[in-house]
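Trainee: next one to model:
(2 chains)
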2 protein chains.
Amino acid sequence: MTPDDLRRHGHRLVDWVADYLEGVGDYPVASRSAPGDVRAALPPHPPTSPEPFDAVLDDVASVVLPGITHWQSPDFFAYFPANASGPSILGELLSAGLGVQGMLWATSPACTELETHVLDWVVDLLGLPDRFRSDGPGGGVIEDSASSATLVAVLAARHRAGGAAAMGEMVGYASAEAHSSVRKAFTVAGFRDDQLRVVDVDEHQALRLDHLRTLVEEDVAAGRRPFFACATVGTTGTMAVDPVRAVAELVVPHGTWVHVDAAMAGAAGVVPELRWVNDGLELVDSWCFDPHKWLFTNFDCDCLYVADRSALVEALSIVPEYLRNAASDAGDVIDYRDWQVPLGRRFRALKLWFVIRHYGAEGLRHHIGRHVELAQGFAARVEVDPRFELVRPAELSLVCFRAAAGDDESERIMHAVNASGRALLSHTRVDERFVIRASIGQTTTEQRHVDALWELLGAAADGRPIEPRLQPDGFPPGARG
Amino acid sequence: MTPDDLRRHGHRLVDWVADYLEGVGDYPVASRSAPGDVRAALPPHPPTSPEPFDAVLDDVASVVLPGITHWQSPDFFAYFPANASGPSILGELLSAGLGVQGMLWATSPACTELETHVLDWVVDLLGLPDRFRSDGPGGGVIEDSASSATLVAVLAARHRAGGAAAMGEMVGYASAEAHSSVRKAFTVAGFRDDQLRVVDVDEHQALRLDHLRTLVEEDVAAGRRPFFACATVGTTGTMAVDPVRAVAELVVPHGTWVHVDAAMAGAAGVVPELRWVNDGLELVDSWCFDPHKWLFTNFDCDCLYVADRSALVEALSIVPEYLRNAASDAGDVIDYRDWQVPLGRRFRALKLWFVIRHYGAEGLRHHIGRHVELAQGFAARVEVDPRFELVRPAELSLVCFRAAAGDDESERIMHAVNASGRALLSHTRVDERFVIRASIGQTTTEQRHVDALWELLGAAADGRPIEPRLQPDGFPPGARG
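Mentor: Numbering: from 1, shown residues only, chains lettered A, B, ... in the order given. Here you go, the predicted structure:
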């Protein structure tokens, strides 16, 4: 593809994406695709000859789009926000266009230095403790996901506690509501299932400190080594917040690495009034949050911070001859390949830099604050409506509720809303009971979308008919012309 | 950013990227940035107020570009090709624009089904064995990198051999020239260093079968379990090819999982005459290659295939309530989160689909074949020139050579070429000796670029002066106006 072709097709695709984002709210939120539908529309073999780009883009509209669940819809309330934005999309485009590798400082110094710099900015932006800044022994790095951040935290903790040779007696702790990636990280790292202790949660779905204390005391008495504890700030199920400070005070005297998974809720720190989410972070070893969840940055972009980068680097550094270079040998630079599992890495700092500059701290504060207001307004309606029960206070962007009439009714209502295509919700279980989750944090979600969701839920609860939203023809508008 | 702003800024950025790629050959290939240069040019704190996009783009030109090593330059011969292309860049843009999550089939069916489908196409395209197709027990998946592919192969092998509880007696094998990610995968997975046996290489840098046999026999005799072996098709150092068939025949009777790391060389299979790179694959458990190295697809895009996906899924699947859904529960669909370490995933199949359709099988064959011709032509020149020695035959896209006058001279010549900014080479060591690597596989590298490299090497060897290539002003041309 010549540069002129790239210009021409690129302009068309930019228009297509802009049209898509402008019209995405007209689409049924969840795909109605059945298993195999998309594949059935694709030719069984790759083309022998080149195909025109326009033909590819036609297939995107006719084959791919019907198979998409529209995560960028203002009516998407499922899972987590995943709120992308224009500056983020353009940052990703630039990263792809430059096509550089950031595995070493030497392979493109700006790729490393911009990342270090922007992650220091984020310390300011969220009011994080200075221990996470790069000018001391700590620092930040972009991982693809909080799953990977948790894994490298476990690996650094394991290294600090004596490495693979000492694994047999190590034990770690996370609550029953911690993300499944904690269990996965332990599995990947080669621990037996019983080496991750599951700590009970309280009535707010937060880690129970008394149970953690009991488990740690039992383990220490039995000669086991409490090497890792994960506290969650914003559980995936219900946005519950573990008592980070108390967890750290309890386990740090045992030499335990404390990791805080703030993937869901960490972005709240841009609003000074919400900085209670940072309580206790000056005591912990690592912390992560996901700009690709709630900070207007498209996946993948998780920010991981460590108080002492040496454990991470020592746990993960392997230097073959073909990667040796003067700057690394001199110890003057950061090589982020030693902060992650893969060797290669994209220039992901660009999109986060673009987002922060586009919105500014004030803009981010405004939007995050607005999401919280919308969620709290929605929760207030749930609370006073006899048809529904609020499961826990909506402190941030997630509202957890259920039908007063019981689990079957909760499930029926959620499926009725989802089947209408007018909104998308997801669910979890709390104390074995079915709970509907409304996550309010999309880039373009406004009061009217939340109002519409409330109307839908009421109609579903009352058994009133809901007019479904149908797939529009020729979508996105103008993109076909 | 409104859709109209996205259109306007997006057009400008597309033009910028097209200008960049058109003019990238005028730039000194390696950045001349010193540690700290980029950071010194950035403000210490994030902006409070929003900044205009044009200001951001100005900083890309003035701050970021001087800190970039130009991996997309036709004069880039270092490391590996990393050859991006227009269709790939546009596929990445579309993925960012759609902003969907592919962790489950249910979270966007097209994201999963297009990936499965395109990976079946690649089986055709490269002439891979049918065991890797998705219509049997096997199938393909996109991982971020070959490092991650190796890790999940190790985890699947460990699971098949009894899981974490049986780890103590497991041993794995890889040659001394295998990629550092094999060692890293073993470390991550919790093995002791001595559980990865390092197999000697022969005079062609390929795994020595007799040494592997000795090691396996010793281990079996001692009651240890050979659970994993990695054979490399295209080592990073010298593009050496291990005897995959013989390795598999040797270890499979012991129940060993055989993984083939073809990250560097796998793409050669698009050319029927080069399908010797696939020899023995019908005997192995897993195989991966990197379209982000040598198939015109920007990082990240590694294709991993397994002969039996159940070991992978069983090793990595954890299903919390908030991810449960009807399609997954019914077992009708693939959930790729269970094929990888992270939970979240981008819609990476789009870029590979765009690339294959843009080039067609014929186009890919033409370009890969041309790279091999260029490399062989270059190697032929090295071979007959008394100033240089060819270290091994250039069968594919990498030429390994050294100065006849010894290591110091090899190193001096390479640094002289790199310092000129007119080309970029990297190095490795073979039998303790310094070896210059010229990797010939960039998207826009033509005969004239290889000729120019040869001239440069001659000038450096002879001690003739080389006029440096300087950073042009106002680059990329037209992008500032």
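Trainee: what's the neighbour count on A:M170?
Mentor: When neighbours are counted by other Cβ atoms under 10 Å in any protein chain shown, A:M170 registers 22. Where C-beta positions appear, they are placed from N, C-alpha and C, glycine not excepted.
Trainee: do the same with the one 3 residues further on
Mentor: For A:Y173, the count of nearby residues is 27 (other Cβ under 10 Å).
Trainee: residue in the stretch 101-250 of chain A nearest to chain B?
Mentor: Nearest residue of the stretch 101-250 of chain A to chain B: A:G190, at 2.3 Å (Cβ to the nearest Cβ).
Trainee: could you verify that that residue is part of a strand?
Mentor: No - judged by DSSP: H, G, I helix; E, B strand; the rest coil, A:G190 forms no part of a strand; its state is coil.
Trainee: my guess is it meets B:G190, correct?
Mentor: Yes - the pair A:G190 and B:G190 passes the contact test of Cβ atoms under 8 Å, sitting 2.3 Å apart.
Trainee: for A:T69, what are its contacts?
Mentor: By Cβ atoms under 8 Å, 6 or more residues apart in numbering or on different chains, the residues touching A:T69 are A:V29, A:A30, A:S31, A:F76, A:L424, B:V100, B:A106, B:T107, B:S108, B:P109.
Trainee: of those residues - the most surrounded one?
Mentor: In the contacts of A:T69, the most neighbours by other Cβ under 10 Å go to A:F76, 30 neighbours.
Trainee: who does that one bridge with?
Mentor: A:L424 (DSSP bridges).
Trainee: isn't it right up against A:G25?
Mentor: No - A:F76 lies out of contact with A:G25 (Cβ under 8 Å); the separation is 9.5 Å.
Trainee: mind splitting chain A into its structural domains?
Mentor: A:1-84+A:361-481, A:100-345 (automatic domain parsing).
Trainee: now these in a markdown table, with mean pLDDT?
Mentor: Formatted as a markdown table, the domains of chain A follow (pLDDT from 0 to 100):
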| stretch | mean pLDDT |
| --- | --- |
| domain A:1-84+A:361-481 | 95 |
| domain A:100-345 | 96 |
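Trainee: deepest-packed of the ones you listed, please.
Mentor: domain A:100-345 (a mean of 22; mean count of other Cβ atoms under 10 Å in any protein chain shown).
Trainee: in three-state terms, label A:V14 for me.
Mentor: Going by three-state DSSP: A:V14 is helix.
Trainee: name the element the residue nearest to it when sequence neighbours are not counted belongs to?
Mentor: Counting by Cβ to Cβ, 6 or more residues apart in numbering or on different chains, B:G10 is the residue found nearest to A:V14 once chain neighbours are left out, at 3.4 Å. Secondary structure from DSSP states H and E places B:G10 in helix B:3-23.
Trainee: packing partners of that helix?
Mentor: Applying 3 or more Cβ pairs under 8 Å, 6 or more residues apart in numbering or on different chains; DSSP states H and E, one finds that helix B:3-23 makes contact with helix A:3-23, helix A:86-98, helix B:53-59.
Trainee: hmm, the shortest one touching chain A?
Mentor: Which is helix B:53-59. Yes - using Cβ under 8 Å from any Cβ of the partner chain, helix B:53-59 reaches chain A at B:F53, B:A55, B:V56.
Trainee: the second one: what's it in contact with?
Mentor: Contacts for B:A55 (Cβ under 8 Å, 6+ apart) come out as A:R357.
Trainee: I'd like the next helix or strand past the longest helix along chain A.
Mentor: Counting by DSSP state H, the longest helix found in chain A is helix A:349-384. Next along the chain after helix A:349-384, taking DSSP H and E as the criterion, comes strand A:388-390.
Trainee: if we look at stretch A:322-336, which residues are touching it?
Mentor: With contacts defined as Cβ under 8 Å, 6+ apart, stretch A:322-336 is touched by A:102-106, A:109, A:112, A:115-116, A:134, A:139, A:141, A:317, A:319, A:337, A:345, B:35, B:79, B:180, B:236-237, B:426-428, B:437.
Trainee: of these, which belong to strands?
Mentor: Per DSSP state E, strands hold the following members of the contacts of stretch A:322-336: A:G139, A:V141, B:S426, B:H427, B:T428, B:R437.
Trainee: correct me, but the fifth one touches B:F401?
Mentor: Looking back up the chat, that one is B:T428. No - B:T428 is not in contact with B:F401 according to Cβ under 8 Å; the separation is 11.4 Å.
Trainee: who in the stretch 101-250 of chain A is up against chain B?
Mentor: Residues of the stretch 101-250 of chain A that fall close to chain B, judged by Cβ under 8 Å from any Cβ: A:101, A:105-111, A:113-114, A:116-117, A:121-122, A:124-125, A:144-145, A:147-148, A:151, A:155, A:158, A:164-165, A:167, A:179-181, A:183-184, A:187-192, A:236-237.
Trainee: could you redo the last one with a cut-off of 6 Å?
Mentor: Residues of the stretch 101-250 of chain A lying close to chain B (Cβ under 6 Å from any Cβ of the partner chain) are A:107-110, A:113, A:117, A:121, A:124-125, A:144-145, A:147-148, A:164-165, A:167, A:180-181, A:183-184, A:189-190, A:192, A:236-237.
Trainee: which ones among the residues you listed are found in helices?
Mentor: Using DSSP H, these in helices are A:109-110, A:113, A:117, A:121, A:124-125, A:147-148, A:180-181, A:183-184.
Trainee: B:C301: which of the residues you listed is nearest?
Mentor: Comparing those against B:C301 with Cβ to Cβ places A:S148 closest, at 17.3 Å.
Trainee: A:L209: what's it in contact with?
Mentor: For A:L209, the contact set (Cβ atoms under 6 Å, 6 or more residues apart in numbering or on different chains) comprises A:P243, A:A246.
Trainee: switch to 10 Å and redo it
Mentor: Listed by Cβ atoms under 10 Å, 6 or more residues apart in numbering or on different chains, the contact set of A:L209 reads A:V199, A:D202, A:D242, A:P243, A:A246, A:V247, A:E249, A:L250.
Trainee: so the third one sits against A:G234, correct?
Mentor: This points to A:D242. Yes - using Cβ atoms under 10 Å, A:D242 and A:G234 qualify as a contacting pair, with a distance of 9.5 Å.
Trainee: who touches both of the two?
Mentor: Common neighbours of A:D242 and A:G234 (Cβ under 10 Å, 6+ apart) are A:D261.
Trainee: right, and A:A459 touches A:A423 too?
Mentor: No - between A:A459 and A:A423 there is no contact under Cβ under 10 Å: 11.3 Å.
Trainee: common neighbours of those two, please.
Mentor: A:V417.
Trainee: backbone dihedrals for A:V435, both of them.
Mentor: Phi and psi for A:V435, reported as degrees, to the nearest 10, are phi -130, psi 130.
Trainee: beta partners for the nearest residue to A:L212 once chain neighbours are set aside?
Mentor: Excluding its sequence neighbours, the residue lying closest to A:L212 (Cβ to Cβ, 6+ apart) is A:V199, at 4.9 Å. Under DSSP bridges, the beta-bridge partners of A:V199 are A:S175.
Trainee: which bits of the stretch 351-481 of chain A sit near chain B?
Mentor: Selection of the stretch 351-481 of chain A residues close to chain B by Cβ under 10 Å from any Cβ of the partner chain yields A:351, A:353-365, A:415, A:426-430, A:432, A:434-435, A:437, A:442-443.
Trainee: repeat that for 7 Å
Mentor: A:F354, A:I356, A:R357, A:H358, A:Y359, A:G360, A:A361, A:E362, A:G363, A:S426, A:T428, A:R429 (Cβ under 7 Å from any Cβ of the partner chain).
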